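Student: Give me a 3D structure for the following:
(2 chains)
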2 protein chains.
Amino acid sequence: MFKLMGVAFVLSACVLVGSSVLAADTASDAPASGTLRHVVLFKFKDTASPEDVARIVEAFRGLPGKIEQIAGFEWGTDVSPEGKAQGFTHCFLLTFKTAADRDAYLPHPAHKAFGKVVGPHVDKVCVVDYWTRD
Amino acid sequence: MFKLMGVAFVLSACVLVGSSVLAADTASDAPASGTLRHVVLFKFKDTASPEDVARIVEAFRGLPGKIEQIAGFEWGTDVSPEGKAQGFTHCFLLTFKTAADRDAYLPHPAHKAFGKVVGPHVDKVCVVDYWTRD
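Tutor: So this is what the prediction gives:
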């Protein structure tokens, strides 16, 4: 009897701990409103030709057609007059509805293939994901 | 008479050169469609307290209420699992409808005042502006 109660207690504790971990994760990583932005900045190597850069942009632009989890896609080249771009010239802004969608995108074969196209030509990459807040 | 024609010619040439510069600037800097995104990334100093960071975020969030040229504002903290955030923890995404609006924002007194709030606490700032393309 005490043994059974002990097992029940341990199981309850596991459920409680599991719930609180889940709640904490939900609170910090996925606000009730908002979407998940995935900001990608590229600084290309000096050896990257305009054709290399154009091919990389086209390859990135092709991903939304191959990866259904990408809910939004836009890109552009830096035109800031402030001189604080840290050498980054290209910005890509992807939007995901859920963290699971982002997590499906990262190891997706089409994304991995893109990584092989871009890898040899980038000097620096910056990736920041954030849940949108007002 | 010839003198007057000469002056008229020079004036016409100035107008033509001015127009083409304007056209070139419009073509390269402001596509017919799209809006101007202003991406700001902060890496805070180790000495910045959570209260300092919270005060900076609130100050930034206050700018759209003070600067009418800001057409869109969102922000969030990095949750990327990729480890490529280069130390940046906070992203702010402002949207402007025109380059003139962005140019009015940069030297705006409220923006300058914000700069004084954030300046002492940031280790690194990255700013990239881009015209949105699909």
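
Student: Around chain B, pick out the residues from chain A.
Tutor: A:28-29, A:34, A:36-39, A:41, A:61, A:73-82, A:84-86, A:88, A:91, A:93, A:99, A:103, A:106, A:124-134 (CB under 8 Å from any CB of the partner chain). Heads up, the C-betas are built off the backbone N, CA and C, glycines and all.

Student: Just the buried ones from the residues you listed, in ChimeraX syntax?
Tutor: In ChimeraX, this line selects whichever of the residues of chain A next to chain B come out buried by 16 or more other CB atoms under 10 Å in any protein chain shown:
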select /A:36,37,38,39,41,73,74,75,76,77,78,79,80,85,86,88,91,93,99,125,126,127,128,129,130,131,132
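
Student: Just the ones in strands from the residues of chain A next to chain B, please.
Tutor: A:36-39, A:41, A:73-77, A:91, A:93, A:124-131 (DSSP state E).

Student: OK, contacts around the closest residue to A:Lys45 other than its chain neighbours?
Tutor: Nearest non-adjacent residue to A:Lys45, counting by CB to CB, 6 or more residues apart in numbering or on different chains: A:Asp123, 4.6 Å away. Each residue near A:Asp123 by CB atoms under 8 Å, 6 or more residues apart in numbering or on different chains is listed here: A:43-46, A:87.

Student: List buried residues within those.
Tutor: Buried among the contacts of A:Asp123 by 16+ other CB under 10 Å: A:43-44.

Student: a markdown table please, covering the contacts of A:Asp123 and showing secondary structure and pLDDT.
Tutor: Shown next, in a markdown table, are these (DSSP: H, G, I helix; E, B strand; the rest coil; pLDDT from 0 to 100):
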| residue | secondary structure | pLDDT |
| --- | --- | --- |
| A:Lys43 | strand | 98 |
| A:Phe44 | strand | 98 |
| A:Lys45 | coil | 98 |
| A:Asp46 | coil | 97 |
| A:Gly87 | coil | 97 |
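
Student: closest to A:Ile67 among the contacts of A:Asp123?
Tutor: Closest to A:Ile67 out of those is A:Phe44 (23.1 Å), distances taken as CB to CB.

Student: Bridged to that closest one, which residues?
Tutor: A:Val122 (DSSP bridges).

Student: Report the buried residues of the helix or strand in which A:Glu58 is found.
Tutor: A:Glu58 is part of helix A:50-66 when elements are defined by DSSP states H and E. In terms of neighbour count (16+ other CB under 10 Å), helix A:50-66 has its buried residues at A:52-53, A:56-57, A:59-60, A:63-64.
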